[in-house]
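**Q** Any chance you could fold what I've pasted below:
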Amino acid sequence: MDNGAKIVTQPCKIDLHIHSAASTLTKDTGNKELSACTKSELDILISNLDKNAINVCSITDHDYFDYELYKALKSKEGEGALCKVLPGVEFSVSFQSDFSNNIKSDENEIESDKGKRTVIHIVAVFDDRNSDDKLSKLQSIICDSKGKPKYDDKERMAFTEKRFTDLIRETELNVILIGHEKSAGQESKADVSSLGVENANEVILTEFVDAVEIRNRRKELDIKRLIETYSKDQVPFVIGSDCHDWSVYPYKDKTFVHRSDEVAFTTIKCLPTFEGLLMAVTDPSRIRVGEIAFFNSGAPVLENLDLQ
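**A** Below you'll find the predicted structure:
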């Protein structure tokens, strides 16, 4: 697959949700297997990405951007199936929820809990075009000098939606935002759906739902039905590995090794670039889950076209 090509002749297999040891500095403290996923172990990840024919990938750690790891992985572009490495971060964002707790006052009046907030995980994939200088400063925007995220919602260890918006603006980078959705009807605390449909519509800024932690077909169907309740038409649907142990990639960790029937990837019809991914986000017909062909060699074609 040629990064310099201008015409899409084959689909890209992507994984935009892989964790590294950097996540143990924020949310995954104490995860021994994940702490071993360092720059020195990149060859293990590269080998497994190649075995699974992954063309585009991104390391998206919790509220942390390891610039050196990103550069090291990016230097592996062109090895095996890997064509493009995109910079990314998984942000913890605290949103105002439209689910209110009704409480009776002394006067038997109903009061709404206006202060209820829900933490949603949002994966941000950044533009890598002529962006190296800005990317080198990304970690200092997210974290302080001690490597601790600059949360303004310290109670929930998250960024409020306003701070998150300001942070994204401060990076001066183009970005694709992916809202987490891994359950339906259960209102999981880190899911977009837990905000309610009205607020969820606001969160899905790019009309892009990332179902990165789906582990069975039934949940996939549930989420597809959930997506249909959003007012935006044809919200795309993708799956990533959410890998926390590179040695068993594409599984999340060793507990998933014997559940191969639950592993699936997203395939997109585009060039292996940030612009290509952006194009796929805005055209749901270019996104498929699983091994589905975009190109039909038996489709009718025009033999020629005369122009005057």
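**Q** Now do the strands in the stretch 151-300 of the chain.
**A** Per DSSP state E, counting those that start in this stretch, the stretch 151-300 of the chain carries strands over the ranges 159-160, 175-180, 209-210, 237-238, 266-268, 287-289.
**Q** mean confidence score for the third one?
**A** Mean pLDDT, taken over the full extent of strand 209-210, equals 52.
**Q** Then stretch 172-192?
**A** Stretch 172-192 carries an average pLDDT of 69.
**Q** about what we covered before: make a markdown table from the strands of the stretch 151-300 of the chain and add mean neighbour count and distance to residue 62 to it.
**A** No exception for glycine: its C-beta is placed from N, CA and C like everyone else's. Below are these laid out as a markdown table (neighbours: other CB atoms under 10 Å; distance: least, CB to CB, whole Å):
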| stretch | mean neighbour count | distance to residue 62 |
| --- | --- | --- |
| strand 159-160 | 21 | 12 |
| strand 175-180 | 23 | 12 |
| strand 209-210 | 28 | 15 |
| strand 237-238 | 23 | 19 |
| strand 266-268 | 24 | 21 |
| strand 287-289 | 20 | 25 |
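**Q** I'd like to know which of these lies nearest to residue 258.
**A** strand 287-289 (21.7 Å; CB to CB).
**Q** From the contact counts, what lies against the closest one?
**A** strand 237-238, strand 266-268 (3 or more CB pairs under 8 Å, 6 or more residues apart in numbering; DSSP states H and E).
**Q** same thing but 7 Å
**A** Counting contacts by 3 or more CB pairs under 7 Å, 6 or more residues apart in numbering; DSSP states H and E, strand 287-289 packs against strand 266-268.
**Q** how about residue 138, phi and psi?
**A** phi -60, psi -40 (degrees, to the nearest 10).
**Q** since we're on it, how many residues are nearby?
**A** Close neighbours of residue 138, defined as other CB atoms under 10 Å, add up to 23.
**Q** Hmm, it is touching residue 64, no?
**A** No: contact between residue 138 and residue 64 fails when scored by CB atoms under 7 Å: they sit 9.9 Å apart.
**Q** circling back to that earlier point, could you dump the strands of the stretch 151-300 of the chain to a markdown table with distance to residue 13?
**A** Listed next are the strands of the stretch 151-300 of the chain as a markdown table, based on distance: least, CB to CB, whole Å:
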| stretch | distance to residue 13 |
| --- | --- |
| strand 159-160 | 31 |
| strand 175-180 | 17 |
| strand 209-210 | 16 |
| strand 237-238 | 11 |
| strand 266-268 | 5 |
| strand 287-289 | 10 |
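**Q** Which one of the ones you listed lies nearest to residue 278?
**A** Closest among those, using CB to CB: strand 175-180, at 6.2 Å.
**Q** Direction included, what does that closest one pair up with?
**A** In the sheet, strand 175-180 lines up against strand 117-126 (antiparallel), strand 209-210 (parallel) (DSSP bridges).
**Q** most packed of the ones you listed?
**A** Among those, the stretch with the highest mean neighbour count (mean count of other CB atoms under 10 Å) is strand 209-210, at a mean of 28.
**Q** show me what contacts the spatially closest residue to residue 96 that is not a sequence neighbour?
**A** In space, and not counting its chain neighbours, residue 96 is closest to residue 117: 5.9 Å by CB to CB, 6 or more residues apart in numbering. Counting by CB atoms under 7 Å, 6 or more residues apart in numbering, residue 117 touches 94, 95, 96, 97, 153, 156.
**Q** shouldn't the second one be in contact with residue 121?
**A** This means residue 95. No: between residue 95 and residue 121 there is no contact under CB under 7 Å: 11.2 Å.
**Q** Now do the SS call for residue 305.
**A** Under DSSP: H, G, I helix; E, B strand; the rest coil, the three-state class of residue 305 is coil.
**Q** Offset the numbering so it begins at 44, please.
**A** I'll keep to 44 as the first residue from here, and by that count the last item is residue 348.
**Q** which residues does the nearest residue to residue 106 once chain neighbours are set aside bridge with?
**A** Take residue 106 and drop its neighbours on the chain: the residue closest to it by CB to CB, 6+ apart is residue 192, 4.0 Å away. Residue 192 forms beta bridges with residue 186, as assigned by DSSP bridges.
**Q** Then residue 162?
**A** Beta-bridge partners, per DSSP bridges, of residue 162: residue 137.
**Q** ok, it to residue 283 distance?
**A** Residue 162 sits at a distance of 19 Å from residue 283 (criterion: CB to CB, to the nearest Å).
**Q** One more: residue 129?
**A** 12 Å.
**Q** what ranges do the helices span in the stretch 44-193 of the chain?
**A** In the stretch 44-193 of the chain, the helices defined using DSSP state H, counting those that start in this stretch lie at 75-78, 85-94, 110-117, 175-179, 181-185.
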